[in-house]
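In: Sharing a sequence plus its predicted fold:
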Amino acid sequence: MAIPVRSAAAPRRLVPSIPPASSGHVRGLACFGTRTGPRGARGLSMVVADSTSRRAKQADGGDGVLGAPVLGGLGMEGLGDQLSVVMKFGGSSVSSAARMAEVAGLILTFPEERPVVVLSAMGKTTNNLLLAGEKAVGCGVIHVSEIEEWNMVKSLHIKTVDELGLPRSVIQDMLDELEQLLKGIAMMKELTPRTSDYLVSFGECMSTRIFSAYLNKIRVKYDAFDIGFITTDEFGNADILEATYPAVAKRLHGDWIQDPAIPVVTGFLGKGWKSGAVTTLGRGGSDLTATTIGKALGLREIQVWKDVDGVLTCDPNIYPHAKTVPYLTFEEATELAYFGAQVLHPQSMRPAREGDIPVRVKNSYNPKAPGTLITRQRDMDKVVLTSIVLKSNVTMLDIVSTRMLGQYGFLARVFAIFEDLCISVDCVATSEVSVSVSLDPSKIWSRELIQQELDHVVEELEKIAIVRLLQQRAIISLIGNVEQSSLILEKTGRVLRKSGVNVQMISQGASKVNMSLIVHDSDAKALVEALHQAFFEDDVLSQVEAENLLVG
Ligand SMILES: Nc1ncnc2c1ncn2[C@@H]1O[C@H](COP(=O)(O)OP(=O)(O)O)[C@@H](O)[C@H]1O
Ligand SMILES: N[C@@H](CC(=O)OP(=O)(O)O)C(=O)O
């Protein structure tokens, strides 16, 4: 593995290994977060480790240790007075010591970019912490140390500091605190949403701590909840409040002016404005941390580094022939994320759109790939379809009025029931006396609750309607050019006719860039493949398309 190792005598500027993806420099904010522990106030702490005391080595110089990059002579002084980019690295980008070293190399390749770095938890740490928490509830205090997922988290982080040549003390306090927390959960036999957020926050806190220790003395570590990320108190899915922007800008910019060192920030985390407790921004929320910092500081670009070459025409796990989408609008990216494309957090485009800051999705495993550039506008002339998103395991309700209510009261009453029960609706198709809806499975927490909630909603709806509950459905969302909706419909119709799949509901927003088909789960994957082939793999445009584009 190539890690750019700098010596004191080496020239100050490194040659960028990533070609600028657009006309100018790649500019963004990179967040690698660190902290001293999830609890309690921790102010900014400047790391004063002596870079010369740790010998720099090429990656794994024979003793399994990835030497810390030698940064002698590479102070951030003289690099300008403004932070200019955010670089966010997801769990897949920092899943091991080798990956952290790669990412460090990537960042140090662009010292002139003056990045803010945002980091997620290593690999599958968040999932493992959640599972460990669930197991702790039922296993008894004396068995906590045997929880498999806890041991995986512990060994991954210890192995990482060992391989990076860092002292274990970098994370030891946090590991101790984490074990205590799991024992506390075991003792209480309860895992509240608040405790769950606190539990998972250790993931980001440990990754950023390790990373900033590895980057040595050109970085400072920040816990998002200590630098102004103020959120609602909705644990597990908190919203960022407006007060965050000036607070984060003041802190990061103010500190940078005093001492220009790369800020490394924990993704995913905030502080509830009422509770003062650690909150999380919903799964994948580090993207939102990055765009929030981008807007707060008015940066030139926000980069989110993933394990794929950008936003693709569909999830490569569902269909491996997916292709990179080079350009997207904020609106398209939002729809895509909202309808379940895991690649971006659904709320993450909002700050970027409001601040009009381009977002670039890049591959940390393949930095030379140009990635996807997301901006306010793009040339839509030749665009028909952008991406296909599949969301499985969806529940659908078919609700037909018993005509007890007047026609005008029916829909209002149906949606009032959803509002009362806090049930989120994804897709809707209506007539005056009937309505079909799909429910968002991500809004429901556990299996028992799903059935309980569904029974309740059906019971309420049956007071005014005949209700059919349809489970194991899938939503296939076609994100594309609204101007081409007839063409999309026409082409989709042909695919459906050929495949013989029965569509149970179609929903399309009037001005939106998406159309959703609801089909049985068992038909979904094959249909996505057929649609992908029709829209993205037919070399020659069909006659209809060609004519349509000519007319357009
Ligand atoms: N349309 C899509 N384009 C790209 N990736 C997608 C898409 N839909 C789903 N994915 C999945 O999203 C993953 C990247 O997002 P994520 O797991 O959040 O990355 P990270 O942990 O690096 O932030 C990919 O590995 C891919 O499996
Ligand atoms: N670690 C958190 C936050 C996050 O954004 O992760 P990632 O960037 O790996 O999707 C999660 O798994 O949800």
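Out: Received it, and whenever you're ready, just let me know what you need. Ligands and ions are numbered 1, 2, ... in the order given.
In: Sketch out the low-pLDDT regions of the protein for me.
Out: Along the chain, the parts satisfying pLDDT under 70 run over 1-81, 111, 217-220, 403-407, 440-450, 509-512, 539-552.
In: residues from it in reach of ligand 1?
Out: 90-93, 120, 284, 306-308, 311-312, 314-317, 341-343, 387 (Cβ under 6 Å from any ligand atom). Where you see a C-beta, it was placed from the backbone N, CA and C, and this is true even at glycine.
In: Mind checking which of the residues you listed are buried?
Out: 90-93, 120, 284, 306-308, 311-312, 314-315, 341, 343, 387 (16 or more other Cβ atoms under 10 Å).
In: Of those residues, which fall within the contact range of ligand 2?
Out: Checking those against ligand 2 (Cβ under 6 Å from any ligand atom), the matches are 90-91, 120, 284.
In: how about stretch 381-401: buried residues?
Out: Buried residues in stretch 381-401 (16+ other Cβ under 10 Å): 383-391, 394-399, 401.
In: how about the strands in the stretch 351-500 of the chain?
Out: Residue ranges of the strands in the stretch 351-500 of the chain, as given by DSSP state E, counting those that start in this stretch, are 359-363, 372-375, 385-401, 425-430, 434-439, 465-480.
In: for the stretch 151-300 of the chain, same thing?
Out: 219-222, 230-231, 262-266, 269-272, 278-280.
In: which other helices and strands contact the shortest one?
Out: Yep, that's strand 230-231 we're talking about. helix 244-258, strand 269-272 (3 or more Cβ pairs under 8 Å, 6 or more residues apart in numbering; DSSP states H and E).
In: Likewise for the third one?
Out: Packed against strand 262-266, as judged by 3+ Cβ pairs under 8 Å, 6+ apart, are the following elements: strand 115-119, helix 193-215, strand 219-222, helix 244-258, helix 286-297.
In: roughly how far is it from the heart of the chain?
Out: Chain-centre distance of strand 262-266: 17 Å, with Cα atoms, centre = their mean, to the nearest Å.
In: who does that strand pair up with?
Out: Under the criterion DSSP bridges, strand 262-266 sits next to strand 115-119 (parallel), strand 219-222 (parallel) in its sheet.
In: can you list the domain ranges for this structure.
Out: 1-120+202-378, 386-551 (automatic domain parsing).
In: deepest of those domains, which one?
Out: Across the domains of the chain, averaging neighbours per residue (mean count of other Cβ atoms under 10 Å) puts domain 1-120+202-378 on top, at a mean of 21.
In: for it, the distance to its chain's centre please.
Out: 12 Å.
In: how close does residue 216 get to residue 194?
Out: Between residue 216 and residue 194 the computed distance is 35 Å (Cβ to Cβ, to the nearest Å).
In: can you put the strands of the stretch 351-500 of the chain in a markdown table and add distance to residue 497?
Out: Output for the strands of the stretch 351-500 of the chain, formatted as a markdown table (distance: least, Cβ to Cβ, whole Å):
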| stretch | distance to residue 497 |
| --- | --- |
| strand 359-363 | 35 |
| strand 372-375 | 32 |
| strand 385-401 | 18 |
| strand 425-430 | 20 |
| strand 434-439 | 22 |
| strand 465-480 | 16 |
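In: Can you give me every residue that contacts the residue of the stretch 351-500 of the chain found nearest ligand 2?
Out: For the stretch 351-500 of the chain and ligand 2, the shortest gap (Cβ to the nearest ligand atom) falls at residue 364, measuring 11.2 Å. For residue 364, the contact set (Cβ atoms under 8 Å, 6 or more residues apart in numbering) comprises 89, 92-93, 99, 102-103, 106, 305-307.
In: mind giving me a markdown table with those and columns for distance to residue 480 and secondary structure?
Out: As requested, these are arranged in a markdown table below (distance: Cβ to Cβ, whole Å; DSSP: H, G, I helix; E, B strand; the rest coil):
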| residue | distance to residue 480 | secondary structure |
| --- | --- | --- |
| 89 | 30 | strand |
| 92 | 28 | coil |
| 93 | 29 | coil |
| 99 | 35 | helix |
| 102 | 35 | helix |
| 103 | 34 | helix |
| 106 | 33 | helix |
| 305 | 27 | strand |
| 306 | 22 | strand |
| 307 | 25 | coil |
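In: follow-up on the earlier one: can you put the domains of the chain in a markdown table and add distance to residue 182?
Out: Output for those, formatted as a markdown table (distance: least, Cβ to Cβ, whole Å):
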| stretch | distance to residue 182 |
| --- | --- |
| domain 1-120+202-378 | 10 |
| domain 386-551 | 19 |
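In: Which one of these lies nearest to residue 135?
Out: domain 386-551 (14.2 Å; Cβ to Cβ).
In: so how far is the closest one from its chain's centroid?
Out: 24 Å.
In: Am I right that residue 308 sits in a helix?
Out: No. Applying DSSP: H, G, I helix; E, B strand; the rest coil, one finds residue 308 to be coil, outside a helix.
In: Let me see the backbone angles for it.
Out: The phi/psi pair for residue 308 (degrees, to the nearest 10) reads phi -130, psi 160.
In: what residues are up against it?
Out: Here residue 308 is in contact with 316, 343, 363 (Cβ under 8 Å, 6+ apart).
In: before we move on, what SS does the closest residue in space to the first one that isn't next to it in sequence have?
Out: What it means is residue 316. Spatial nearest neighbour of residue 316, excluding adjacent residues (Cβ to Cβ, 6 or more residues apart in numbering): residue 322 at 4.7 Å. Secondary structure assignment for residue 322 (three-state DSSP): coil.
In: Tell me if I'm right that residue 322 and residue 313 touch.
Out: Yes. In this structure, residue 322 is within contact of residue 313 by Cβ atoms under 8 Å, at 4.9 Å.
In: Next, show the common contact partners of the two.
Out: residue 532.
In: quick one, phi psi at whichever residue of the stretch 1-150 of the chain sits closest to ligand 1?
Out: Using Cβ to the nearest ligand atom, the single residue of the stretch 1-150 of the chain nearest to ligand 1 is residue 90, 2.0 Å away. Dihedral angles phi and psi of residue 90 (degrees, to the nearest 10) take the values phi -80, psi 170.
In: same deal with residue 134?
Out: phi -60, psi -40.
In: thinking again about what came up before, which one of the buried ones among the residues of the chain next to ligand 1 is nearest residue 252?
Out: residue 120 (18.6 Å).
In: List the residues that contact that closest one.
Out: With contact set as Cβ under 8 Å, 6+ apart, residue 120 has these partners: 88-91, 93-94, 126, 203-204, 207, 267-268, 286.
In: close enough to count as contact, residue 288 and residue 270?
Out: No. Checked against Cβ under 8 Å, the pair residue 288 and residue 270 is beyond contact range at 9.4 Å.
In: shared neighbours of those two, anything?
Out: 240, 281.
In: Return the alpha-carbon coordinates of stretch 282-302 using CSV.
Out: Taking C-alpha atoms only, stretch 282-302 is exported to CSV below (Å, rounded to 0.1, in the frame of the first residue of the first chain):
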residue,chain,number,x,y,z
GLY,A,282,-30.1,8.6,11.5
ARG,A,283,-28.2,5.8,9.8
GLY,A,284,-25.7,7.1,7.3
GLY,A,285,-25.8,10.5,9.1
SER,A,286,-22.2,11.4,8.6
ASP,A,287,-23.1,12.6,5.1
LEU,A,288,-25.3,15.1,6.8
THR,A,289,-22.5,16.1,9.2
ALA,A,290,-20.3,16.8,6.2
THR,A,291,-22.9,18.9,4.2
THR,A,292,-23.8,20.8,7.4
ILE,A,293,-20.1,21.8,7.9
GLY,A,294,-19.9,22.7,4.2
LYS,A,295,-22.9,25.1,4.5
ALA,A,296,-21.8,26.5,7.8
LEU,A,297,-18.4,27.4,6.5
GLY,A,298,-19.5,28.3,3.0
LEU,A,299,-16.9,25.8,1.5
ARG,A,300,-16.2,25.4,-2.1
GLU,A,301,-17.0,21.7,-2.2
ILE,A,302,-18.3,18.8,-0.1
